[in-house]
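> here are the coordinates; sequence isn't available:
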């Protein structure tokens, strides 16, 4: 996840969790890929299920995550002592992301989610660059997105 930047950035950099107001709740969105089994023959469906069970097992995911630097998709990996040792010694910049996973929520299952996400990103980016205040960015996003959710 951070490997490309780790290797190519011409400066030292780090990561941190997003600040949370004292009365706030931590949150982040889940992302990533999906895995599914298409309708086919019973034999192929069984083989696909066997693969999914193997690939998503703690043992396989532990190896996958440590060799690729990808985020764990299983809580059991984040609690594994080998992973904790690897992340602290090899890629500590992943720690804030892994810690925040327990506060993750799925993206809403709405057909126009990509458009909603683009609008939200556009407004938040303005706040990140100091072009508008955070409240103004969020109000602008809400005003533009609310009619799309009806």
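Great, that's in hand. What you see is a predicted model; the values in this text were computed from it and never measured. Numbers count the residues shown, from 1 in each chain.

> worst-scoring helix or strand of this structure, pLDDT-wise?
Lowest by mean pLDDT, DSSP states H and E among the helices and strands of the chain is helix 3-8, with a mean of 66.

> Buried residues of stretch 136-150, list them for me.
For stretch 136-150, a neighbour-count test (16 or more other Cβ atoms under 10 Å) marks 137, 140, 141, 145 as buried. For glycine as for every other residue, the C-beta is placed from the backbone atoms N, C-alpha and C.

> what's the answer for stretch 82-92, then?
In stretch 82-92, counting by 16+ other Cβ under 10 Å, buried: 83, 86, 87, 91.

> in the longest helix belonging to the chain, what's buried?
If you go by DSSP state H, the chain has its longest helix at helix 113-128. Buried residues in helix 113-128, counting neighbours by 16+ other Cβ under 10 Å, are found at 116, 119, 120, 123, 124, 126, 127.

> got it, and stretch 69-79?
69, 71, 72, 73, 74, 77, 78.

> Span of that stretch from start to end?
End-to-end distance for stretch 69-79, by Cα to Cα, to the nearest Å: 16 Å.
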